[in-house]
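Peer 1: Next input, structure requested:
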Amino acid sequence: MGRHKQVGTFVLFIWRSHANSSSFAVIFSSVNILVPQSSNNLYLPILPKSAVLSETVSDGTDKPPPLNPAVLACIIRRSIRNSQQVSNMSLKTVAVIGAMEQEIELLREMMENVKAVSFGRFSAYEGELAGKRMVLALSGIGKVNAAVATAWLIRQFAPDCVINTGSAGGLGKGLKVGDVVIGTETEHHDVDVTAFGYARGQVPQLPARFASDGILIETAKRAARTFEGAEVEQGLIVSGDRFVHSSEGVAEIRKHFPEVKAVEMEAAAIAQTCHQLETPFVIIRAVSDSADEKADISFEEF
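Peer 2: Numbers count the residues shown, from 1 in each chain. Sure, this is the predicted structure:
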């Protein structure tokens, strides 16, 4: 994830986020598609279970429900499935990392032939998704947890790539809750060794920023574009071991990283570990809040 407080399930989010929309039906089916009753033909991915949830609100409007974070799971699945359409990259094993249970449960529901695996206090699920072997890991919150989980996944399963998913505070101009940010570069915002001539955020002897794999970026972008209504940005994501929730904190980050798109708590550690272990990666995050004084409230609602 990256914006960490306990939240409800994706199902609960879908219900809450539509409290001000017109009549709609949330349909859980094998094709993982949400079909709202509106003329805008907005299709959203949801949990692959057989159930129907409906709600009617008579506010005189006819709006489609807003995009929800479950879209990340379908973007990842479609990216894996369509990877060879972008290049000759052949993905046999894919590792996906999320910090919280709520961030991986939808993907776990989509997997087939699933079995639980563990390493110390870390847990993961091995199975198949979109015809590929996939390992889905729950890292826990923060950069150390993320780095350890990533190193274990790479050592144990030798994935062809690593995908990090979860939420983030949106710092880019115009970003809204529910928008998707694809991290083209990742950097630590809480590392400062400038006294020795390094750039702000740079770990000594390492690049100042860790670049996501270009093919994986393009694959994720193509997958995201297939969802009508999905606002997708790409750019710099910064990470630190604190939940940024103030205007002062946002200003400090923008001062040192003016082009930043989003802030969270694991991506840079995952990227650094992948860099050190020579494994391609990409970061795909959903905006949960604006990292300001209302961040905790926005995150809970997200």
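Peer 1: Could I get the CA-only coordinates of stretch 186-202 as CSV?
Peer 2: C-alpha atoms of stretch 186-202 as CSV (Å, rounded to 0.1, in the frame of the first residue of the first chain):
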residue,chain,number,x,y,z
THR,A,186,11.3,6.0,-7.5
GLU,A,187,13.3,7.8,-4.8
HIS,A,188,13.6,8.0,-1.0
HIS,A,189,12.3,11.3,0.3
ASP,A,190,13.7,10.7,3.8
VAL,A,191,17.3,10.0,2.9
ASP,A,192,19.7,12.9,3.3
VAL,A,193,23.5,12.4,2.8
THR,A,194,23.9,15.7,1.1
ALA,A,195,26.8,16.6,3.5
PHE,A,196,28.9,14.2,1.5
GLY,A,197,27.9,15.5,-1.9
TYR,A,198,25.1,13.2,-2.7
ALA,A,199,21.7,14.3,-4.0
ARG,A,200,18.8,14.6,-1.7
GLY,A,201,17.2,11.2,-1.5
GLN,A,202,20.2,9.3,-2.8
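Peer 1: Flag every buried residue along it.
Peer 2: 186, 187, 188, 189, 190, 191, 198, 200, 201, 202 (16 or more other Cβ atoms under 10 Å). (Each C-beta comes from the backbone N, C-alpha and C, glycine too.)
Peer 1: tell me the two of these that are most distant?
Peer 2: The most widely separated members of these, counting by Cβ to Cβ, are 186 and 198 (16.5 Å).
Peer 1: Identify the residues contacting residue 196.
Peer 2: residue 204 (Cβ atoms under 8 Å, 6 or more residues apart in numbering).
Peer 1: separation between it and residue 256?
Peer 2: 17 Å (Cβ to Cβ, to the nearest Å).
Peer 1: same check, this time on residue 224
Peer 2: For residue 224, the distance to residue 256 - Cβ to Cβ - is 28 Å.
Peer 1: One more: residue 175?
Peer 2: Taking Cβ to Cβ, one finds residue 175 at 19 Å from residue 256.
Peer 1: Compare neighbour counts for these two and give me the winner.
Peer 2: residue 175 (19 against 15; other Cβ atoms under 10 Å).
Peer 1: Quick check: the more buried one is in a strand.
Peer 2: No - per DSSP: H, G, I helix; E, B strand; the rest coil, residue 175 lies outside any strand segment and is coil.
Peer 1: So what pairs up with the residue lying closest to it once chain neighbours are set aside in the strands?
Peer 2: What sits nearest to residue 175 in space, not counting adjacent residues and going by Cβ to Cβ, 6 or more residues apart in numbering, is residue 287, at 5.3 Å. Listed by DSSP bridges, the beta-bridge partners for residue 287 are residue 168.
Peer 1: Now for residue 287, how many residues are close by?
Peer 2: Residue 287: 28 neighbours (other Cβ under 10 Å).
Peer 1: Which stretches in this structure count as helices?
Peer 2: In the chain, the helices defined using DSSP state H lie at 10-17, 71-81, 83-86, 101-110, 143-157, 214-225, 247-256, 267-276, 295-301.
Peer 1: want to throw those helices into a markdown table with distance to residue 181?
Peer 2: Shown next, in a markdown table, are those (distance: least, Cβ to Cβ, whole Å):
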| stretch | distance to residue 181 |
| --- | --- |
| helix 10-17 | 18 |
| helix 71-81 | 10 |
| helix 83-86 | 19 |
| helix 101-110 | 15 |
| helix 143-157 | 17 |
| helix 214-225 | 10 |
| helix 247-256 | 14 |
| helix 267-276 | 10 |
| helix 295-301 | 15 |
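Peer 1: winner for burial among the ones you listed?
Peer 2: Looking across the helices of the chain with neighbours counted as mean count of other Cβ atoms under 10 Å, the highest average goes to helix 267-276: a mean of 25.
Peer 1: what is the mean pLDDT for that helix?
Peer 2: Averaging pLDDT along helix 267-276 gives 98.
Peer 1: give me the low-pLDDT residue ranges for the stretch 51-200 of the chain?
Peer 2: For the stretch 51-200 of the chain, applying pLDDT under 70 flags the ranges 51-70, 83-89.
Peer 1: Repeat the analysis, applying 80 as the threshold.
Peer 2: Residues of the stretch 51-200 of the chain that meet the criterion pLDDT under 80 lie in 51-72, 81-90.
Peer 1: Identify the residues contacting the residue nearest to residue 175.
Peer 2: Here residue 287 is in contact with 167, 168, 169, 170, 175, 176, 177, 178, 179, 180, 181, 262 (Cβ under 8 Å, 6+ apart).
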